[in-house]
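1. Predicted model follows, preceded by the sequence.
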Amino acid sequence: MTATLTPTKERPPGLAPQPGRKPAVRRRLRPKEFRATDVGLLAATGVSAFSVVWIVFDQLTLLSGTVGFVICWIVAFLALYWAVNLQVYGRQMAADRFVGALVAIGALCMFTPLALITGFVLVKGIGLISWHLLTATQKGVPQIPTPGAPTPGVGHAIVGTVEIVALAAAMGIPAALLTAIFLNEVGGRFTKSVRVVVTAMSGVPAIVAGIFIYSLWIVQLGQGFSGFAGALALTVILLPTITRGSEEVLRVVPNDLREASAALGAPEWRTTSSVVLPTARSGIITAILLGIAVAVGETAPLLVTIFGNTLMNANPFHGPQEALSLLAYQEIRLPQQAAINLAYAASLVLFMLVFILFVIGRILGSDWAGRALRRGRGSKKKGGDEDFTPAQTRELSNAAALGLMLPPER
């Protein structure tokens with residue numbers, strides 16, 4: 001018998017490991033890792049960029065201005081941050097950190113105006129909020145405040161805003177969802193034409209929508225100023241916003257779900273109602289909230305449709321009404337400090353209404369609400385409700401939706 005010997009590769013003498021010592025293993029740094037040293041490096045780079053810009057901007061040149069200083073500081077910081085990371089970690093990490101810093105600065109620039117507006121409204125109006133302000137109207141309030149005169153409130157504007165926005169949502173949301181379903185699920189000869197019209201409507205100024213309703217509803221038909229006229233104008237505004245947002249959300253739904261539903265023999269309308277819409281529920285709610293938020297803050301179309309009213313008018317179909325945005329616009333232009341304070345209070349109440357609306361919408365669009373809805377619809381078997389992971393919950397919901405389309409057993 002002969003034995004076959006496999007030749008082994010001998011290690012060069014210079015690279016042979018020394019006995020009793022293990023080779024050092026260098027841990028590779030991942031781009032997402034951000035350690036304490038990286039925080040110090042970021043802070044030192046920011047301080048260095050500030051010092052360099054301050055010396056060049058204020059001491060060596062005749063430049064001035066806060067905006068210019070901040071822009072130069074950001075540019076110098078990004079350049080120094082990239083150079084330092086290039087020396088410490090290499091080209092790949094430097095590029096990753098540079099893009100991350102650029103995105104963070106962009107997000108900060110977008111968040112800063114929102115924080116400033118929110119803080120300004122809170123500071124100006126938080127001390128004016130009271131139960132009397134939320135329930136009273138402007139009945140009997142003189143233009144020039146006098147001792148003993150009644151204090152104005154925004155109760156009539158709250159009622160008008162809620163009614164007008166509710167009517168606009170009731171008319172606009174179904175039409176927008178049906179349009180989005182037609183564009184993404186049904187299709188046909190007029191798909192491109194409808195999409196062009198929706199895109200053009202999204203660029204129409206708000207005052208044009210108000211003038212259109214004023215010319216048609218008030219002048220031609222002679223219906224007069226009313227909350228319903230304002231709701232028609234707001235419907236024209238929120239319709240393209242909700243349509244485009246819902247269409248984009250429906251495009252994200254995987255085609256595998258539609259194909260599985262079609263393989264089970266379900267008609268197209270059942271696939272859309274039982275599979276596509278439940279899957280895109282959270283995104284559709286977000287699109288609806290965005291459209292309603294845009295409509296709530298509009299003032300220009302309400303100037304020529306609801307006209308404004310200092311008294312309570314709970315009937316949106318007859319007589320002028322008041323809205324919070326219109327009240328704030330009218331009162332802030334007056335020279336009296338009491339009117340200006342009322343405008344700040346109306347702005348804060350409007351901000352609180354929109355915030356509450358978004359909180360309710362996020363709750364309805366959460367996974368918890370979806371599980372509660374499915375548990376309420378389904379029958380409780382084998383001990384009742386069970387806890388599942390989000391992935392299992394999505395699979396079960398899809399399976400349940402597809403199971404609804406199976407023909408009944410005979």
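-> Arrived safely, thanks for sending.

2. Could you use CA atoms for every contact and neighbour count after this?
-> Fine.

3. Next SSE downstream of the helix or strand where residue 270 lies?
-> Residue 270 belongs to helix 268-271 when elements are defined using DSSP states H and E. Downstream of helix 268-271, the next assigned helix or strand under DSSP H and E is helix 277-279.

4. Quick one: mean pLDDT over that following helix.
-> Averaged over helix 277-279, pLDDT sits at 88.

5. Identify each buried residue in stretch 158-177, please.
-> Going by neighbour count (16 or more other Cα atoms under 10 Å), the buried part of stretch 158-177 is 158-161, 163-165, 167-169, 171-173, 175-177.

6. which residues does the most centrally placed residue in the chain contact?
-> Central residue of the chain (Cα atoms, centre = their mean): residue 290, 6.1 Å from the mean position. Residue 290 sits next to 241-242 when contact means Cα atoms under 8 Å, 6 or more residues apart in numbering.

7. how close does it get to residue 159?
-> 21 Å (Cα to Cα, to the nearest Å).

8. what's the distance between residue 299 and residue 359?
-> Computed as Cα to Cα, the residue 299 to residue 359 distance reads 23 Å.

9. And the helix or strand hosting residue 192, what does it pack against?
-> Under the criterion of DSSP H and E, residue 192 resides in helix 191-202. On a contact count with 3 or more Cα pairs under 8 Å, 6 or more residues apart in numbering; DSSP states H and E, helix 191-202 meets helix 227-252.

10. tell me the angle of the helix it packs on relative to helix 191-202?
-> 130 degrees (axes from the mean of the first three to the mean of the last three Cα atoms, to 10 degrees).

11. Which other helices and strands does helix 227-252 contact?
-> Short answer (3+ Cα pairs under 8 Å, 6+ apart): helix 227-252 packs on helix 155-181, helix 191-202, helix 206-213, helix 281-296, helix 300-303.

12. Out of those, which is closest to residue 99?
-> Between residue 99 and those, the shortest separation by Cα to Cα is 28.1 Å, and it involves helix 281-296.

13. mind checking how far stretch 138-145 is from the chain centre?
-> Computed by Cα atoms, centre = their mean, to the nearest Å, the chain-centroid distance of stretch 138-145 equals 39 Å.

14. could you dump it to PDB, C-alpha only?
-> Output in PDB follows, covering the C-alpha atoms of stretch 138-145 (Å, rounded to 0.1, in the frame of the first residue of the first chain):
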ATOM      1  CA  GLN A 138     -67.000  88.600  20.100                       C
ATOM      2  CA  LYS A 139     -70.600  89.600  20.800                       C
ATOM      3  CA  GLY A 140     -70.800  93.100  22.300                       C
ATOM      4  CA  VAL A 141     -67.000  93.700  22.200                       C
ATOM      5  CA  PRO A 142     -66.200  97.300  21.200                       C
ATOM      6  CA  GLN A 143     -63.400  98.100  18.800                       C
ATOM      7  CA  ILE A 144     -61.700 100.100  21.500                       C
ATOM      8  CA  PRO A 145     -61.500  98.300  24.900                       C
END
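
15. contacts for that stretch?
-> Here stretch 138-145 makes contact (Cα under 8 Å, 6+ apart) with 149-154, 310-311, 336, 338.

16. Could I get those residues in CSV, plus columns for neighbour count, secondary structure and distance to residue 272?
-> Converted to CSV, the contacts of stretch 138-145 look like this (neighbours: other Cα atoms under 10 Å; DSSP: H, G, I helix; E, B strand; the rest coil; distance: Cα to Cα, whole Å):
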residue, neighbour count, secondary structure, distance to residue 272
149, 11, coil, 59
150, 15, coil, 56
151, 17, coil, 53
152, 21, coil, 50
153, 24, coil, 47
154, 28, coil, 43
310, 19, coil, 47
311, 18, coil, 46
336, 13, coil, 56
338, 17, helix, 54
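
17. which residues of the stretch 301-410 of the chain score low on pLDDT?
-> The stretch 301-410 of the chain contains residues with pLDDT under 70 at 367, 369-410.

18. repeat that with 50
-> Along the stretch 301-410 of the chain, segments meeting pLDDT under 50 span 379-389, 392-393, 395-410.

19. Which residue ranges of it form helices?
-> Applying DSSP state H, counting those that start in this stretch to the stretch 301-410 of the chain gives helices spanning 324-332, 337-364, 367-377, 390-403.

20. Mind putting the helices and strands packed on helix 227-252 into a markdown table with distance to residue 45?
-> Shown next, in a markdown table, are the helices and strands packed on helix 227-252 (distance: least, Cα to Cα, whole Å):
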| stretch | distance to residue 45 |
| --- | --- |
| helix 155-181 | 49 |
| helix 191-202 | 43 |
| helix 206-213 | 46 |
| helix 281-296 | 39 |
| helix 300-303 | 47 |
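
21. which stretch among these comes nearest residue 269?
-> Of the helices and strands packed on helix 227-252, nearest to residue 269 by Cα to Cα is helix 155-181, at 10.1 Å.

22. Compare residue 299 and residue 359 (neighbour count), which wins?
-> Counted by other Cα atoms under 10 Å, residue 299 and residue 359 do not tie: residue 299 has more neighbours, with 21 against 13.

23. pLDDT wise, what is the more buried one at?
-> 92.

24. From what I see, it and residue 322 are in contact.
-> No - assessed by Cα atoms under 8 Å, residue 299 is found out of contact with residue 322, at 10.9 Å.

25. Where does residue 125 sit, in terms of helix or strand?
-> helix 91-125.
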